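[1] mind looking at a prediction? Sequence and model below.
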Amino acid sequence: MDVGDIISDSIKYPSSSWGKVLILGIITIASILIVPFFLVLGYMFRIIKATLAGIDELPEFDEIGDMFVDGLKVFVVGFVYAIPVWILSAIVGLVTGGNSAAAVTSLGTGYALAFILGNIVFFIIAVIIGLIELMAIANMAYNDGDLGTAFRFSEILDIIATIGWGKYIITYIVIVILAAIGVMIGVFTMFIIIGIILLPLIILPYLIMFEARGIGLLFSEAMETSAEEPLIE
C-alpha cells in the first residue's frame, strides 16, 4: 500500500461502527480517572493487533481486564521511551540555562545559535524516538502482547527500514496534520454547546482509531514484505 491508500483506509476505518466510536468517546471522557485512561490505550492496542491479524472491523469492547492490562503495557512502553527525551530535555535546559529565546539572544550570537541548534537537535531526536516507540508498540501487538518485544531495538529498526524511513515519516506527518485539523475543528466548535460534546465524544476517539489503524497497516506491510524476501543461502 502507498501512503495514500494507508491514509484513505485509516480515515474510513472508524466509520465502520459509529457505535464503537461513541463507546470509546465515553471512555475517553471518563479518562480524567486513571482506569479509563488505560482502557483507551488498551483499545488502541487492540486495533493495532486486529489490523495485524487482517481484520478490517473495529474490535469489540469485551474482555475489559485484558484490555486494561494491554493499556498498562502500552503506558509502560511509552514511559520507558520517554526517559531519554526527558534526559535530553534536561541537558538542553542545563546548557541554555533554561532561558527564553529572547534572553539567550541578549547574551550573544554564539550562545543564541547554541540555544537554537540544541532545541532543533532535541526536537529531531524526540520525533525519532516517538516513531520508534510506535513501531515498538506494534511489535508488541504482533508478538501477542509480549512486553519484552517492545524493546528489541535492532528488530524494530529493521522493521522501520523495511517500511522505509521516508514512507514512515511522510505517513506519520500526514496522520499528525489530519489529526491536528480534526482537533482544531473540535476546538472551534466548542464555542457552541455541541462542540463541547463533539470533541471528546466523537473527534478524539475517531482520531485514536485512525492513528492506530495507520500504524497497524504500516507494520503489517513490513511483515508481508519481509515474508516475501528470498532467503540468502
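    Noted; the coordinates are in hand. Numbers count the residues shown, from 1 in each chain.

[2] spatially nearest residue to the most centrally placed residue in the chain (excluding sequence neighbours)?
    The centre of the chain sits closest to Leu134, judged by CA atoms, centre = their mean, with a distance of 5.4 Å. Using CB to CB, 6 or more residues apart in numbering and skipping residues adjacent in sequence, the residue nearest Leu134 is Ile215, 5.3 Å away. For glycine as for every other residue, the C-beta is placed from the backbone atoms N, C-alpha and C.

[3] per-residue pLDDT, the one you found?
    Model confidence at Ile215, expressed as pLDDT, equals 95.

[4] about what we covered before: can you list the buried residues in the helix or strand encompassing the residue nearest to the centre of the chain?
    Assigned by DSSP states H and E, Leu134 belongs to helix 109-142. The neighbour-count check on helix 109-142 (16 or more other CB atoms under 10 Å) flags 111-112, 114-115, 118, 122, 126, 129, 131-142 as buried.

[5] in this protein, which ranges drop under the pLDDT threshold?
    For the chain, applying pLDDT under 70 flags the ranges 32-34, 95-112, 114-115, 190-195, 227-233.

[6] where do the strands of the chain begin and end?
    Applying DSSP state E to the chain gives no strands.

[7] picking up where we left off before, what about the residue nearest to Leu134, how many residues nearby?
    For Ile215, the neighbour count with other CB atoms under 10 Å is 25.

[8] give the contact list for it.
    48, 134-135, 137-138 (CB atoms under 8 Å, 6 or more residues apart in numbering).

[9] can you say which two of these are spatially most distant?
    For the contacts of Ile215, the farthest-apart pair by CB to CB is Ile48 and Met135; their separation is 10.4 Å.

[10] residues shared between the contacts of the two?
    215, 219.

[11] returning to what we had before: going by distance to Glu155, which of the contacts of Ile215 wins?
    Met135 (9.6 Å).

[12] contact partners for the residue nearest to that closest one when sequence neighbours are not counted?
    Among residues not flanking Met135 along the chain, Ile156 sits closest, at 5.1 Å (CB to CB, 6+ apart). Ile156 makes contact with 132, 135-136, 139, 150, according to CB under 8 Å, 6+ apart.

[13] is it true that Tyr172 touches Ile128?
    No. Assessed by CB atoms under 8 Å, Tyr172 is found out of contact with Ile128, at 11.0 Å.

[14] OK, contacts around Ile47?
    58-59, 209, 212-213, 216.

[15] need the residues you listed in JSON lines with distance to Gly19 and neighbour count, can you?
    Output for the contacts of Ile47, formatted as JSON lines (distance: CB to CB, whole Å; neighbours: other CB atoms under 10 Å):
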{"residue": "Leu58", "distance to Gly19": "9", "neighbour count": "23"}
{"residue": "Pro59", "distance to Gly19": "13", "neighbour count": "19"}
{"residue": "Met209", "distance to Gly19": "13", "neighbour count": "23"}
{"residue": "Ala212", "distance to Gly19": "18", "neighbour count": "27"}
{"residue": "Arg213", "distance to Gly19": "17", "neighbour count": "26"}
{"residue": "Gly216", "distance to Gly19": "21", "neighbour count": "28"}
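
[16] Gly93: which of the residues you listed is nearest?
    Ala212 (32.8 Å).
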